[in-house]
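A.B. asks: Predicted structure and sequence below. I'll ask about it afterward.
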Amino acid sequence: MIILGLSVCLVATVLFSLSVGAVSTPVKDVAVILLHKLGLFSSVESDSMHEVVMNNIRIPRILMTLLIGSSLGISGAALQGLFRNPLVEPSLIGVSGGSAAGVVMVIVFGASWGFATDGLLYNSLLPIVAFGGGLIATFLVLKLSNQMGRTNIAVLVLVGVAINALAGAVIGLAIFYADENQLRTFTFWTLGDLGGASWEKLIIAVPLLIFSSAALLLFSPALNALALGEAEAYHMGVDVERSKRIIIFLSALGVGVSVSLAGMIGFVGLVIPHLVRVLFNADNRLVLPASILGGSWLLIMADIVARTVVSPAELPIGVVTALIGAPFFIGLLMKAKLKNEL
Amino acid sequence: MYQATNISFRIRDKVILDDVNLTLQPAMFTAIVGPNGAGKSTLLKTLAYEHQHFQGDVVINGKPVQKYSPKELSMVRAVLPQNSQVQFAFSVEQIILLGRHAHRTTKAENEKVVNDVMTLTGITSFRERSYHTLSGGEKQRVQLARVLAQVWEETLYPRYILLDEPTSSLDIAQQQLIFSLARQVCERNIGVMAIVHDLNQAVQFADQLYFMRDGKIMAAGEAQSVFTKANIEETFCCRVNVYHDPCNNCPFIIPEREELTVTKNKIRLTIN
């Protein structure tokens, strides 16, 4: 029921999102163009300019926003469940920082290392590097916070901070060598930028994002058991170490690829799972799919705001997610605190 | 049978378990008693195969514990650790359903198991409540219900539950309740092992009693016959007197009040 309601809500938002922008298209026309693409109602003619804008700019952008939002949402939910800590978000355990460091290295030094700086190869290289960077950082954090076969959460948070600082230093170092142009790309990129969507970039990224989110869904029952503790989950028949490794791998994949597409977008991974838990309940079989829907919904909403308030220019998406998300989140926390539900 | 033979376990050079032998029988309540730091919890974790780097053999129903997958293991033994914390706001019913995690049973079957264990533990009325809002005694009963849900169904092989101090920080009525439940569970061909701090309760409820100290078994056997002044004093380094309680028809102890001896860096009772 909840999932169905959220899905309807999301579809409506997507349609609305497709219609607004520098060239505004009525929702009716959006529907016509979409149906047209699906091979239905081919007799109905639509405005060709609208169709071009749809095909080349808006559809890829919204598709990308949708998938990034869902990846960030579910990765956040899975990591919070895994570490049994509601404060964990992908950036805290180093995924985002590691991915960002990897991407920045490629942006700045890519040309001098002999990579082509455009085209399909380059576009597929970025997600891979981002994923690799994220994975290395997360793996380091996890390894260093391991205490006699168990993850010590206090150490994990501290090591995460340290690894993030290290990634920040790598990024800083790269900036030092960056030229004017790269610097501009980079600034946009640290605040998140959904403007660079193209079909070319999406070819590699879409399957990876869908795969990581779908595979994470399979771990919802295990994450429920883990909510009682790692030992307890093991007693109840969960292969804890294996689940842990796979969940971290999939989260790093989702977040890493997202970072490579649109830069660092904070807050979605932290807030959305909480929102779902406070509004509905803590069962991960609900929290994970609902975080997919909620994450993409929040990001699309934020994108609508980012594209329209200063149109035809754009606000960085990260600024908007935080602007919308933070007050809302604080309000929810206060409400939950009163009901003693945290 | 749940059999541990010549179990030794050390962390670096520190010996935690030293050549321990122990057998749990189905449909029997086995209590482990001993002073703090005797290695009781470590023994329980080793039996549960949570500690996997030990010497010796643990064999459950004729099959070495190493040959079980985590899932198979969860079908024959369930564990109640000392303090389980639940991080997120799960409802009582959700917690108990977690005990069914590894089972390939239908929703209706799981529902029935959950109803049964809730009825047994007397928590049916807070099915929908958030675990966080429960009192200590209620939480413990919910955890016990979860553990029972894991091994509830009658099977061809005996099942076992391992309880690590299931009554710590509960009042006496709640303590008696938990132990009575554990006894009742034995009737389902489940072997129960519990680490118990209160010696009087141990002898009241247990069929078998193991005394542990410094990682060794000091004495073991049929509960009432090993519950002697000598065994208790030897294990706990504390002077006691054993009496007979006609009401429960079972022995009980009262520790003696002693002078303290303060030596260089130790404070202890004079018995040593």
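C.D. replies: Cool, got the structure.
A.B. asks: What's opposite the residue sitting nearest the centre point of chain B in the beta bridge?
C.D. replies: By CA atoms, centre = their mean, chain B has its centre lying nearest to B:Ala194, at 2.0 Å. When assigned by DSSP bridges, B:Ala194 has beta-bridge partners B:Ala31, B:Leu163.
A.B. asks: list the contacts for A:Glu89?
C.D. replies: A:76, A:79-80, A:266-267, A:269-270 (CB atoms under 8 Å, 6 or more residues apart in numbering or on different chains). Quick note: C-beta positions are derived from backbone N, CA and C, even for glycine.
A.B. asks: Please apply the same query to A:Asn146.
C.D. replies: Contacts for A:Asn146 (CB under 8 Å, 6+ apart) come out as A:Asn152.
A.B. asks: Identify the bridge partners of it.
C.D. replies: With DSSP bridges as the rule, A:Asn146 is bridged to A:Thr151.
A.B. asks: Can you list the low-confidence ranges for the chain?
C.D. replies: Just going to use chain A. The model of chain A has pLDDT under 70 over residues A:19-51, A:53-54, A:111-124, A:148-151, A:188-189, A:339-342.
A.B. asks: The intended chain is chain B.
C.D. replies: B:265-266, B:270-272.
A.B. asks: Show me what from the stretch 1-150 of chain B comes close to chain A.
C.D. replies: B:45, B:48, B:50, B:69-75, B:77-79, B:81, B:84-91, B:94-95, B:98-99, B:101-102, B:130, B:132-133, B:150 (CB under 8 Å from any CB of the partner chain).
A.B. asks: Show me which of these are buried.
C.D. replies: B:45, B:48, B:50, B:70, B:73-75, B:77-79, B:81, B:84, B:86-91, B:94-95, B:98-99, B:101-102, B:130, B:150 (16 or more other CB atoms under 10 Å in any protein chain shown).
A.B. asks: Could you tell me which of these are located in helices?
C.D. replies: By the criterion of DSSP state H, membership of those in helices covers B:45, B:70, B:73-75, B:94-95, B:98, B:150.
A.B. asks: Helices of the stretch 151-300 of chain A, start to end?
C.D. replies: For the stretch 151-300 of chain A, the helices defined by DSSP state H, counting those that start in this stretch cover A:153-177, A:180-190, A:199-217, A:220-226, A:230-235, A:240-262, A:268-279, A:284-308.
A.B. asks: looking at those helices, which is closest to A:Ile59?
C.D. replies: helix A:199-217 (8.8 Å; CB to CB).
A.B. asks: how about the one helix or strand A:Ser17 maps to, does it reach chain B?
C.D. replies: Element membership for A:Ser17, per DSSP states H and E: helix A:2-19. No. If you take CB under 8 Å from any CB as the test, helix A:2-19 misses chain B, and the best it gets is 15.1 Å.
A.B. asks: Chain A against chain B: which residues are in contact?
C.D. replies: Near chain B, when you scan chain A using CB under 8 Å from any CB, you find A:81, A:84-86, A:221-222, A:224-225, A:227-229, A:231-232, A:234-240, A:277, A:281-283, A:340-342.
A.B. asks: so what's residue 17 up against?
C.D. replies: Going with chain A. A:62, A:65, A:300, A:303-304.
A.B. asks: other chain: chain B
C.D. replies: B:7-10, B:39, B:42-43, B:46, B:54, B:215.
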